[in-house]
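J.: With the sequence up front, the predicted model follows.
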Amino acid sequence: MSDQILLQPIKAANPEKAREYLEKARMAHERYLVCQQNSDLQEAIEFYIDAVKYDPSMPESYYRLAALMWEQGQISVETAIEQCKTAISLAPQNVNAHMYTGFFMKLAEDFKSAESEFKSAIKMGKFHSARPRLVLSQAILQKINSNNAVASDYLGFLYYFISGSLMLAWDRPSIKMFYKNMSDDISVFTYNTVGKFLEKFKLYPTAENIYRQAIMSTNHGEIFYDKMGDLALKNKQTDLTVDCYRKVLESNPLNRDVLVKLATVLQTYFPDNTDEAIDCYEKLLEFNIDVPQIYYELGHLYLRKEDKINSISAFKLAVDQDSENPYFNNSLAYAYSKAELYDDAIEHYQKAIALNPDKEWTSIVCQALGSIYAEVKGNIEAAISTYQAGIILDPNNYDLFLALGDVYMASYDLDSAIRTYCDAIMLNPDDYRGYSKAGIALWEKDYLEEALVAFHKSIDINPDNEYAQNNLGILYLDGLSDAEEALEYFENAVAINPSYTLAYFNAARASEAMGFTNDAANYYQMAIDLNKITQDLEEEDIQIRLHKLFDI
């Protein structure tokens, strides 16, 4: 309901019928204000809609209907403002139309425009402008409470509050209502000020208690649940943070700032609660603000759920609205690669690299693109040139050197591989991976002594690297014919990883070479059992070796 109904009048306008429905709407509205019954609220809405349909030129129906529909959550603040502006366009001198417009602009925290509308109402009302003056003073006080005020706002608040209070002599029915509202806003101001003071001096538990009192004592629990949530987040009480933000949204589901904060906290601290975070971002889309960024965040949440189709769709919507954003293109490329749509992934990785917002970041994108060329497309030349481009962008990217060395190894360009791994070692001599990979390349090149040094260095840095332990054992067994030394490293490898099939197989070979038949048989049998799961070796080869142990 809402926007479209206001734009669909009955063809044969009937002003008399419209006034009849308007009067019924006013009566239902008054009953709702007194009794707070939802049935009266719904009835008032329906009568106001009927009044608009019979006579679209009646301004009162627009701003009163906007107020009720907003209160029921059927329209946004922005839509309510547009409806009030319609009322102003129909009756530019209608004081209430300007007041309601200012009220909704105040809710949207557009204080400058709200003040302009209230001042228009004051100018029109002259000596009968008590209400717009007092409402304007409330708006200024809210601005002060929200930390957006300047020094002159305090004087403005006093001027409009005092002058509006004096003019209430001509508007007695409003006295009680405005003093009640003003009293509540002053309470908000007091609790807010004391809470900020306590937070400044890091008296967090006391500040939290003040905010809890404010929730009980004022009609603005939304404000203080928000503050409690912020305070809890500062103290890393993330469960309390989420509970407080949820309370705010129970009061006002259209609080955009809190939706953003709740979505961010859920995404950061509650990785398993992706559905609620997605729901927050989908509600944020309704505000039509920062839409590409919201789709970008949604894409990552869908990736977390391994929902490839929706992640691609979300990132694509982000790129459609901001095609020159390198981060959006990179994420879309990653989503395409997860879905094995590699040609699309290549296109967007290339776009992200061409945009190049930051050399270090772009070098990482080059690594991702190079891996697709190398591992999926088998295009070694493209992989090498992409990795080299990444290294030019960031000469300190250790992982890129390793990736480039791996491509050279895959193409059996051992000299280039050794040189590249050595460059990686020079860049980061404390990382075991460079030594381990260099050891394999040196072994393949028959540089046994150099390979031995590389593997030992890798193990010295990281003794828990089972692959380096196994490879060093192979070097001793097959390169230096030292089965006893080799067996020690194979046993280290299986101790680190009891499911390492190849290490059991090699331990069996070393035991066999040393004449330990039973030990060799046990290791071969372990390799056979594990290989049924890992499928790392040819089982027939292991069986032949096992049977050969007992041949006469």
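T.: Yes, it's here. Numbering: from 1, shown residues only.
J.: Point out where the protein drops to low pLDDT.
T.: Scanning the chain with the threshold set as pLDDT under 70 gives 1-13, 32-38, 73, 146-149, 168-185, 219, 552.
J.: need the contact list for Leu537.
T.: Thr501, Leu502, Phe505, Ala527, Asn531 (CB atoms under 8 Å, 6 or more residues apart in numbering). (C-beta placed from N, C-alpha, C; glycine too.)
J.: Closest one of those to Ile215?
T.: Thr501 (62.0 Å; CB to CB).
J.: hang on, the earlier thing: could you redo the contacts of Leu537 as CSV and give each row secondary structure?
T.: Below are these laid out as CSV (DSSP: H, G, I helix; E, B strand; the rest coil):
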residue, secondary structure
Thr501, helix
Leu502, helix
Phe505, helix
Ala527, helix
Asn531, helix
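J.: Max pairwise distance over these: which two?
T.: The distance between the two most remote of these (CB to CB) is 9.2 Å, for Leu502 and Asn531.
J.: domains in the protein, as residue ranges please.
T.: What automatic domain parsing lists as the domains of the chain is 3-185, 186-269.
J.: among those domains, which is nearest Asp307?
T.: Checking the domains of the chain against Asp307 by CB to CB gives domain 186-269 as the closest, at 15.1 Å.
J.: First-to-last residue distance for the closest one?
T.: Distance between the boundary residues of domain 186-269 (CA to CA, to the nearest Å) amounts to 36 Å.
J.: Nearest to Asn397 among the contacts of Leu537?
T.: Leu502 (30.7 Å).
J.: nearest to Ile418, of the domains of the chain?
T.: Of all the domains of the chain, domain 186-269 comes closest under CB to CB, at 43.0 Å.
J.: For the contacts of Leu537, which entry has the maximal number of neighbours?
T.: Ala527 (27 neighbours; other CB atoms under 10 Å).
J.: tell me the contacts of that residue?
T.: Applying CB under 8 Å, 6+ apart, we find Ala527 in contact with Thr501, Leu502, Tyr504, Phe505, Ala508, Leu537, Ile542.
J.: In this structure the last one contacts Tyr504, no?
T.: No: under the contact definition of CB atoms under 8 Å, Ile542 does not touch Tyr504, with a separation of 9.4 Å.
J.: in terms of contact, does Phe189 touch Lys143 like I think?
T.: No: assessed by CB under 8 Å, Phe189 is found out of contact with Lys143, at 11.1 Å.
J.: Count residues in the vicinity of Asp460, would you?
T.: Applying the criterion other CB under 10 Å, we find 11 residues in the vicinity of Asp460.
J.: SS state for it?
T.: Going by three-state DSSP: Asp460 is helix.
J.: and it, how far is that from Gly479?
T.: 19 Å (CB to CB, to the nearest Å).
J.: number of nearby residues for Ile48?
T.: Rather than Ile, residue 48 is Tyr. Tyr48 - counted by other CB under 10 Å - has 30 other residues nearby.
J.: how near is it to Lys445?
T.: 86 Å.
J.: Also Ala417?
T.: The spacing between Ala417 and Lys445, counted by CB to CB, is 9 Å.
J.: ok, Ser116 - contacts?
T.: Gly102.
J.: now do 7 Å
T.: Applying CB atoms under 7 Å, 6 or more residues apart in numbering, we find Ser116 in contact with no residue.
J.: Can you tell me the number of residues neighbouring Glu250?
T.: Glu250 has 11 nearby residues by other CB under 10 Å.
J.: And Asp541, by the same measure?
T.: The burial count for Asp541: 12, using other CB under 10 Å.
J.: Please report how far it lies from Ala521.
T.: According to CB to CB, Asp541 stands 15 Å off from Ala521.
J.: can you check Leu303 too?
T.: Leu303 is 48 Å from Ala521, where distance means CB to CB.
J.: just Tyr373 next, same as before
T.: Relative to Ala521, Tyr373 is positioned 46 Å away (CB to CB).
J.: Among these two, which residue is more densely surrounded?
T.: In terms of neighbours (other CB under 10 Å), Tyr373 is the more surrounded of Tyr373 and Ala521; the figures are 22 against 18.
J.: so the more buried one makes contact with Ala383?
T.: Yes: between Tyr373 and Ala383 there is a contact under CB atoms under 7 Å: 3.9 Å.
J.: secondary structure class for Glu306?
T.: With three-state DSSP as the basis, the three-state label of Glu306 is coil.
J.: Quick check: phi and psi on it?
T.: When read as degrees, to the nearest 10, the backbone of Glu306 gives phi 60, psi 30.
J.: who touches it in this structure?
T.: Per CB under 7 Å, 6+ apart, neighbours of Glu306: none.
J.: try the one 5 residues further on
T.: Listed by CB under 7 Å, 6+ apart, the contact partners of Ser311 are Gly299, Tyr302, Leu303, Ala335.
J.: Now it: which helix or strand?
T.: Secondary structure from DSSP states H and E places Ser311 in helix 308-321.
J.: Equivalent analysis for Trp361, please.
T.: helix 359-371.
J.: going on from that helix, what's the next piece of helix or strand?
T.: Next element after helix 359-371 (DSSP H and E): helix 380-393.
J.: which helices and strands sit right next to that following helix?
T.: Helices and strands touching helix 380-393, by 3 or more CB pairs under 7 Å, 6 or more residues apart in numbering; DSSP states H and E, are helix 359-371, helix 398-410.
J.: Okay, buried residues for stretch 472-480 please.
T.: Of all the residues in stretch 472-480, those buried under the rule 16 or more other CB atoms under 10 Å are Leu472, Gly473, Ile474, Leu475, Tyr476, Leu477, Asp478.
J.: now that stretch, how far from the chain's geometric center?
T.: 50 Å (CA atoms, centre = their mean, to the nearest Å).
J.: how long is it end to end?
T.: Stretch 472-480 has an end-to-end distance of 11 Å (CA to CA).
J.: Neighbour count: Ile542 and Tyr504, which is higher?
T.: The residue with more neighbours, out of Ile542 and Tyr504, is Tyr504; 28 against 21, by other CB under 10 Å.
J.: ok, so what distance separates Ile425 from Leu452?
T.: Look at Ile425 and Leu452: by CB to CB, they are 15 Å apart.
J.: And for Thr517?
T.: Applying CB to CB to Thr517 and Leu452 gives a distance of 29 Å.
J.: for Leu317, same thing?
T.: Applying CB to CB, one obtains 56 Å for the distance of Leu317 from Leu452.
J.: ok, now Leu262?
T.: With CB to CB as the criterion, Leu262 and Leu452 are 57 Å apart.
J.: So for those two, which sits in the more crowded spot?
T.: Leu262 (24 against 18).
J.: Next, give phi and psi for the more buried one.
T.: phi -60, psi -40.
J.: tell me the contacts of it?
T.: Val242, Tyr245, Leu249, Cys280.
J.: got it, and Ser363?
T.: Residues counted as contacts of Ser363 (CB under 7 Å, 6+ apart) are Gly390, Leu393, Asp394, Asn397, Leu400.
J.: can we see that at 6 Å?
T.: Ser363 sits next to Gly390, Leu393, Asp394, Asn397 when contact means CB atoms under 6 Å, 6 or more residues apart in numbering.
J.: check contacts around the closest residue to it other than its chain neighbours.
T.: Nearest non-adjacent residue to Ser363, counting by CB to CB, 6 or more residues apart in numbering: Asp394, 3.6 Å away. By CB under 6 Å, 6+ apart, the residues touching Asp394 are Lys359, Glu360, Ser363.
J.: now with 8 Å?
T.: By CB under 8 Å, 6+ apart, the residues touching Asp394 are Lys359, Glu360, Thr362, Ser363, Leu400.
J.: Mind checking which of the residues you listed are buried?
T.: Thr362, Ser363, Leu400.
J.: Output the residues you listed as JSON lines; include the columns distance to Leu487.
T.: Output for these, formatted as JSON lines (distance: CB to CB, whole Å):
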{"residue": "Thr362", "distance to Leu487": "48"}
{"residue": "Ser363", "distance to Leu487": "43"}
{"residue": "Leu400", "distance to Leu487": "37"}
